[in-house]
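Peer 1: Sequence below, structure please.
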Amino acid sequence: MTETEIMDFARGEFEWLHAHPELAYEEFETTARLRAAFEHAGIRVLDLPLATGLISAIGTGKPIVALRTDIDALPVHEETDLPYRSQYEGKMHACGHDFHMASVLAAALLLKEREAELAGTVYIVCQPAEEAPGGARTVLDTGALDDVAAIFGIHARPIYPVGTFGLCRGGMMASVDKFEITFHGVGTHAAQPDRGCDPIVMAAQFVTAAQTIAARNISPLRPAVVSVTYIEAGTTWNVLPERAWMEGTIRLFDSDDRALVKERVASLAEGIAAAFGGRAEVTWTAGPPAVVNTERWNTLARETAAEEDFAVVDAVPWMAGEDFAYYQEAMETCFAFVGTGLSPENHHPKFTVDPAAIPQTAHYLACMAEEALRRLR
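Peer 2: Predicted coordinates for the structure are as follows:
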């Protein structure tokens, strides 16, 4: 295929993928579409025990590097007027994974045209369930990436115009943890609160007190978010309930801060409950750690992006999470933000991507993989 044909094909796939979004671990049509594109181009698809998602390979031998795209969509009802808007009610590529797939697919086709010149092998990782999160772990558990030296990824950012490329030194995206707290009290008639123990008061006190964790326990030089996002208590207007339940999230870049905040959330919840005569149960669901690039690949990414005529900027770290971080526990990594045109933020029902960003991004990814193989020799 000529370069023009590759980019035209990628644009068409982008539109199809946007119109056919699938949620985490349900990406069957998406996987089939990607597999067909790779096989049509003569790109080998690895035989792996993945229900959705796949890995394909270009080149031979070691070293091995990888390009990663996530493939799942969000349970968001699309509110754009795009001619290729989502055909599935309540599902939308509201985070740019359609753009990631199209860019990585175009990069794979460019690499296939230069396969004989590659100094090793490039794996194309089409990962399911980033939004779960945890699809990265599903891929890692196959063992297919055990010999991969480095993996590179991108993320669409609608805060930057097309042609902008952002990197951070240090944390790029935050660690993600979820907490759930149940405050137990004693139910009673609302007219006789003295005969009960009100868990709603405990929950309300905790919401206020939790904000002091970021304000008074974490250095003001390090970002920290502690958010209570959902509360459920009671059944009617004239009864004080026996329990109040809430959940929320913490977002941080520093691993020591992560441990400290976890301890402070539990201490505050238990202490407040005890002070009011009740008790608290706290449970945690650990998400991915912070995304922190390997410095040598961070440097190469800046050089490569500049060569591809990107305007390279020092990106603003993003408190959102990204399960790309799991790969850095097993290999070296580099993750970059790519400007996709100004629009409402990721996860918004009016989020859009300007497909004009695909060709430049594809060239960056292909060149990054090629040069990384040469440097690993």
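Peer 1: those helices in the stretch 251-377 of the chain, which residues are they?
Peer 2: Here the stretch 251-377 of the chain has its helices, by DSSP state H, counting those that start in this stretch, at 255-275, 295-307, 358-376.
Peer 1: Now tell me what touches the first one from outside.
Peer 2: It refers to helix 255-275. Here helix 255-275 makes contact (C-beta atoms under 8 Å, 6 or more residues apart in numbering) with 175, 177, 179, 181, 183-184, 199, 202, 205-206, 209-210, 213-214, 217-218, 222, 224, 226, 250, 252, 279-280, 282, 284, 289-290. Glycine gets a C-beta too; all of them are placed from N, C-alpha and C.
Peer 1: what do you get for the second one?
Peer 2: Taking C-beta under 8 Å, 6+ apart as the criterion, the residues outside helix 295-307 that touch it are 150, 152, 165, 167, 169, 293, 312, 332-334, 336, 364, 367-368, 371-372, 375.
Peer 1: Filter the contacts of helix 255-275 down to the buried ones and hand me the PyMOL line.
Peer 2: Of the contacts of helix 255-275, the buried ones can be selected in PyMOL as follows, counting by 16 or more other C-beta atoms under 10 Å:
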select buried, resi 175+177+179+181+183+184+199+202+205+206+210+213+214+218+224+226+250+252+279+280+282+289+290
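Peer 1: now the residue nearest to G171 when sequence neighbours are not counted: how far from P83?
Peer 2: Nearest residue to G171, sequence neighbours excluded (C-beta to C-beta, 6 or more residues apart in numbering): F253, at 3.4 Å. Counting by C-beta to C-beta, to the nearest Å, the gap between F253 and P83 amounts to 40 Å.
Peer 1: rewinding a little: could the helices of the stretch 251-377 of the chain go into CSV alongside distance to L46, mean pLDDT and mean neighbour count?
Peer 2: CSV is the format used below for the helices of the stretch 251-377 of the chain (distance: least, C-beta to C-beta, whole Å; pLDDT from 0 to 100; neighbours: other C-beta atoms under 10 Å):
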stretch, distance to L46, mean pLDDT, mean neighbour count
helix 255-275, 33, 97, 17
helix 295-307, 23, 97, 18
helix 358-376, 17, 98, 22
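Peer 1: picking that back up, the residue nearest to G171: neighbour count?
Peer 2: By the criterion of other C-beta atoms under 10 Å, F253 has 22 neighbours.
Peer 1: Understood, closing this out.
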